[in-house]
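Visitor: here you go, sequence then predicted model.
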Amino acid sequence: MDDRTSHFSLGCGNFGGIGSAPELFGRGETDEGAGSIMDAAWELGLRRFDTADAYGGGRSERAIGGWIRRTGNLPTLTTKTFNPMEEGADRGLGRERVLRQLDTSLERLGVDSVELYLAHEFDRDTPLDETLAVFEELVSAGKIGAYGLSNVGPAELGATLAAGRPALVQNSYSLLDRGDEAELLPLCAAGGVSYQAFSPLGGGWLTGKYRRGEAPPAGSRMTLRPEPYRHLDDERVYRGLDALAAAAAARGVSTAGLALAWAVSHPYVESAVVGPRRPEHLEPVREALGLALSTDERAELGSFFP
């Protein structure tokens, strides 16, 4: 196993659904399809799996648990809570809900503990001290190894650092989403908090599958859940994608492989979460493992998307 595989986690948000969207529960990978992806990821050397209680309304965690029982393999597990498990269900990070949600996550996963438990969103309706206290309680009980945050900004991380000890921040970061570079990434580094990028391929845009003047491929995020990505349907982005494709071809890799290598080449980015829909979608990870970008190369690729 290449030691650099620790730079990537298998994202399981498409198992049984498309992320946490209740209207898409049941629309993601079947258990069989998810199992094939996990088999391929394990063979590649990925040992970190990322999920959430609301992914597929619990279907993602159940698929992982079934795979663990079938194979005997035990990956390092990250799961999250905040979003409702179904339309109209409760949400948030109140003490009783967190305790309940973690227990149900552990049951679906078929394990006694997870290495990392994340707040999937920052809960402005629950006192931060209450949430941090229950996370610390779970660490002391041995049910989680550490806790962290997802989808947060500098102010929210700063408040958490002042009151607790988050181990990791998981935020969107890619060539198309660099908002964390100015403040949040340096804050993570200064506070000793690992930073993990999700959506390092910009919702699939950095794979090159979306082309100017053409309809999005059937079953893609731009057909199922386009709202977060509509702003990318822009000539400026298409020009950047053309330049990225040329740079990838010169290196003999795919645009996705080069984009992944760029994401994890930032000195403050510890790892990235990749969410393949099929086993062959892991090939860009293999390519990225063989790429070591210099500071100048990284800057040049970044200049494609001003």
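Guide: Good, I have the coordinates. Residues are numbered from 1 along each chain as shown.
Visitor: residue nearest the centroid of this structure?
Guide: With distances taken as Cα atoms, centre = their mean, residue 198 lies nearest the centre of the chain, 3.4 Å away.
Visitor: contacts only, for it.
Guide: 11, 50, 150, 170, 171, 172, 173, 272, 273 (Cβ atoms under 8 Å, 6 or more residues apart in numbering). All C-beta spots, glycine's among them, are computed from the backbone N, C-alpha and C.
Visitor: likewise for residue 223?
Guide: When contacts are counted by Cβ under 8 Å, 6+ apart, residue 223 touches 216, 217.
Visitor: try residue 75
Guide: 10, 42, 46, 47, 48, 49, 64, 68.
Visitor: which among these gets closest to residue 162?
Guide: Nearest to residue 162 among the contacts of residue 75, counting by Cβ to Cβ, is residue 48 at 28.3 Å.
Visitor: in what helix or strand does the closest residue to the closest one other than its chain neighbours lie?
Guide: Closest residue to residue 48 apart from its sequence neighbours, by Cβ to Cβ, 6 or more residues apart in numbering: residue 9 at 3.9 Å. Using DSSP states H and E, the element containing residue 9 is strand 8-11.
Visitor: tell me how far that strand lies from the chain's centre.
Guide: Distance of strand 8-11 from its chain centroid, counting by Cα atoms, centre = their mean, to the nearest Å, is 7 Å.
Visitor: beyond that strand, next helix or strand please.
Guide: Per DSSP H and E, the helix or strand that comes after strand 8-11 is helix 31-44.
Visitor: picking that back up, tell me what the residue nearest to residue 48 is bridged to.
Guide: Counting by DSSP bridges, residue 9 is bridged to residue 273.
Visitor: near it, how many other residues are there?
Guide: Neighbours of residue 9 under the rule other Cβ atoms under 10 Å: 27.
Visitor: list the buried residues of stretch 261-273.
Guide: Residues of stretch 261-273 classed as buried by neighbour count (16 or more other Cβ atoms under 10 Å): 261, 262, 263, 264, 265, 266, 268, 269, 270, 271, 272, 273.
Visitor: TSV for the contacts of residue 198, including pLDDT and distance to residue 56?
Guide: Below are those laid out as TSV (pLDDT from 0 to 100; distance: Cβ to Cβ, whole Å):
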residue	pLDDT	distance to residue 56
11	98	13
50	98	14
150	98	17
170	98	18
171	98	22
172	98	20
173	98	24
272	98	21
273	98	16
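Visitor: may I see the buried residues of the least confident helix or strand in the chain by mean pLDDT?
Guide: Lowest by mean pLDDT, DSSP states H and E among the helices and strands of the chain is helix 221-224, with a mean of 84. Within helix 221-224, the residues scored as buried using 16+ other Cβ under 10 Å are 221, 222, 224.
Visitor: could I have that helix exported to PDB, CA atoms only?
Guide: Output in PDB follows, covering the C-alpha atoms of helix 221-224 (Å, rounded to 0.1, in the frame of the first residue of the first chain):
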ATOM      1  CA  ARG A 221     -25.100  16.000 -10.100                       C
ATOM      2  CA  MET A 222     -26.100  18.700 -12.600                       C
ATOM      3  CA  THR A 223     -29.200  16.700 -13.300                       C
ATOM      4  CA  LEU A 224     -30.000  15.400  -9.800                       C
END
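Visitor: and the next element down the chain from it?
Guide: That would be, after helix 221-224 and using DSSP H and E, helix 235-251.
Visitor: which residues are in contact with that following helix?
Guide: Outside helix 235-251, the residues within contact range by Cβ under 8 Å, 6+ apart are 175-176, 205-206, 208, 210-212, 254-255, 257-259, 291, 300-301, 304-306.
Visitor: and if we set it to 6 Å?
Guide: 208, 212, 254, 255, 258, 304, 305 (Cβ atoms under 6 Å, 6 or more residues apart in numbering).
Visitor: so for that helix, mean pLDDT?
Guide: What helix 235-251 shows for mean pLDDT is 98.
Visitor: give me the low-pLDDT residue ranges for this protein?
Guide: The chain contains residues with pLDDT under 70 at 1-3.
Visitor: how about the strands in it?
Guide: For the chain, the strands defined by DSSP state E cover 8-11, 48-50, 76-81, 114-119, 144-150, 168-172, 194-198, 271-274.
Visitor: within the sheet, what are the partner strands of the longest one, with directions?
Guide: So the one you mean is strand 144-150. Within its sheet, and counting by DSSP bridges, strand 144-150 is paired with strand 114-119 (parallel), strand 168-172 (parallel).
Visitor: nearest to residue 125 among those strands would be which one?
Guide: Taking Cβ to Cβ, strand 114-119 is the member of these nearest to residue 125, at 12.7 Å.
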